[in-house]
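>>> Sequence and predicted structure are below.
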Amino acid sequence: MVQGAGDFTRKTTFTTLEPGDLVYENELANTPALDPGYSCVTIKVNATTPGQLFPGDQVDIHAANGGQQTLPLAADAEVLVNYDSAGNIIGPDARKVTSSVELMVSQDLVPGIMATSKAGQIYLARR
């Protein structure tokens with residue numbers, strides 16, 4: 001189990017956390033080097049443009065309503081890692097559907113993205 005804030009340094013979680021949640025070491029992953037002013041977020045994805053997402057892809061993040069994009073949340077977010085529904089990293093040769101994705105986004109956009117993700121309404125559009 002994580003003992004203190006120092007255990008989170010340069011880490012990301014595979015789930016959204018709420019105050020008081022217990023976090024175990026196997027729920028944390030090392031965060032890649034991020035550009036200054038950016039954060040790493042892992043979010044569930046409801047829909048994407050056709051085709052597989054890969055690390056390095058640039059995507060726009062939209063709030064979705066009934067499967068239609070309705071509100072842009074962020075532009076040019078970089079895909080760092082994508083995961084299947086079992087939480088496994090999807091490699092370049094895999095033919096699996098992306099269930100969640102780890103993105104590098106501007107720090108000021110993180111609260112809105114996380115709130116929308118928690119409501120389960122995210123659509124990614126590859127640039």
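Now that the structure is in, tell me what you want to look at.
>>> Could you list which residues are in contact with Gln58?
Asp76, Ala77, Glu78, Val79, Arg126, Arg127 (C-beta atoms under 8 Å, 6 or more residues apart in numbering). In short, each C-beta sits where N, CA and C put it, glycine included.
>>> May I ask which of the residues you listed has the most neighbours?
Top of the contacts of Gln58 by neighbour number is Ala77, holding 24 neighbours under the definition other C-beta atoms under 10 Å.
>>> Would you map the strands across this protein?
Per DSSP state E, the chain carries strands over the ranges 11-13, 28-30, 38-44, 47-48, 58-65, 68-83, 100-106, 122-126.
>>> Using a markdown table, please lay out these together with mean pLDDT and distance to Ile113.
Output for the strands of the chain, formatted as a markdown table (pLDDT from 0 to 100; distance: least, C-beta to C-beta, whole Å):
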| stretch | mean pLDDT | distance to Ile113 |
| --- | --- | --- |
| strand 11-13 | 65 | 14 |
| strand 28-30 | 67 | 18 |
| strand 38-44 | 87 | 6 |
| strand 47-48 | 72 | 15 |
| strand 58-65 | 86 | 6 |
| strand 68-83 | 82 | 5 |
| strand 100-106 | 90 | 6 |
| strand 122-126 | 85 | 8 |
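>>> need those strands in a markdown table with distance to Thr116, can you?
Listed next are the strands of the chain as a markdown table, based on distance: least, C-beta to C-beta, whole Å:
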| stretch | distance to Thr116 |
| --- | --- |
| strand 11-13 | 17 |
| strand 28-30 | 22 |
| strand 38-44 | 8 |
| strand 47-48 | 13 |
| strand 58-65 | 5 |
| strand 68-83 | 6 |
| strand 100-106 | 12 |
| strand 122-126 | 6 |
